[in-house]
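Novice: curious how this folds, go ahead:
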Amino acid sequence: MGFRSLRVINEDWLAPGTGFPAHPHRDMEIFSYVVQGSIQHQDSMGNGRVLRPGQIQLMSAGTGVTHSESNPSSSEALHLLQIWIQPDKPNLRPGYTEWHPASAAESSAKVLVISPDGRDGSAVIHQQADVYRIRLGAGETVTHALAPGRAAWFQLIRGEAEVFGNRLFAGDAASSEEAGHLIIHAAEPVEGLLFDLA
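Specialist: Prediction:
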């Protein structure tokens, strides 16, 4: 909790038909990443969506927004990560956007899903933060160049990986504030999120 602008990573499992009732937020960029099942989102801006595995919803709470998240299934559990990133300025206008993977991205090892400028079809965040989805098969490796002054946080969702010579298991994370190349090697099929932060 509290690494650069990355404030919170909550990993949640919701039983069928359960969820978080309507509650308020402000001055926070909040996104959910669906791992398994589906999530139903409702907010005071009039958005109502159901998202499925690999999809992302990003809400800018800004001056204030109320939202609820629930598992609409009557039989399947919901597994998700909800992540809070502090915005680069307070009192922004509230907003909502989504990221859905293009077919070509499904097999890509490293895909940009959130950025401050929306490049490569990513969702837009009000912070100098790039977020990548990482998917690797057993024995595969991906490299990320970390620029001077930036910091990296890798959150492993599924599988087993080696980062900085350390073995990570699902739910583990690794971070670095040293410029250079971050190497993620999958000991078995891996899914995770990589944050490149100012």
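Novice: look up how far D117 lies from Q128.
Specialist: Taking Cβ to Cβ, to the nearest Å as the measure, Q128 falls 10 Å from D117. C-beta: built from backbone N, CA, C; applies to glycine.
Novice: these two: which has the busier surroundings?
Specialist: Summary of the neighbour comparison: Q128 and D117, criterion other Cβ atoms under 10 Å, with Q128 having more neighbours (15 against 10).
Novice: so what's that one up against?
Specialist: Neighbour list for Q128: 5, 88, 116, 197-198 [criterion: Cβ atoms under 8 Å, 6 or more residues apart in numbering].
Novice: try it again at 7 Å.
Specialist: Taking Cβ atoms under 7 Å, 6 or more residues apart in numbering as the criterion, Q128 is in contact with 88, 116, 198.
Novice: with A186 instead?
Specialist: Under the contact definition (Cβ under 7 Å, 6+ apart), the residues listed for A186 are 136-140, 159, 161.
Novice: beta partners for it?
Specialist: Using DSSP bridges, the beta-bridge partners of A186 come out as A161.
Novice: coming back round to it: tell me the one of the contacts of Q128 nearest A145?
Specialist: Proximity of the contacts of Q128 to A145, judged by Cβ to Cβ, is greatest for A198, which lies at 15.2 Å.
Novice: all good on my end, thank you.
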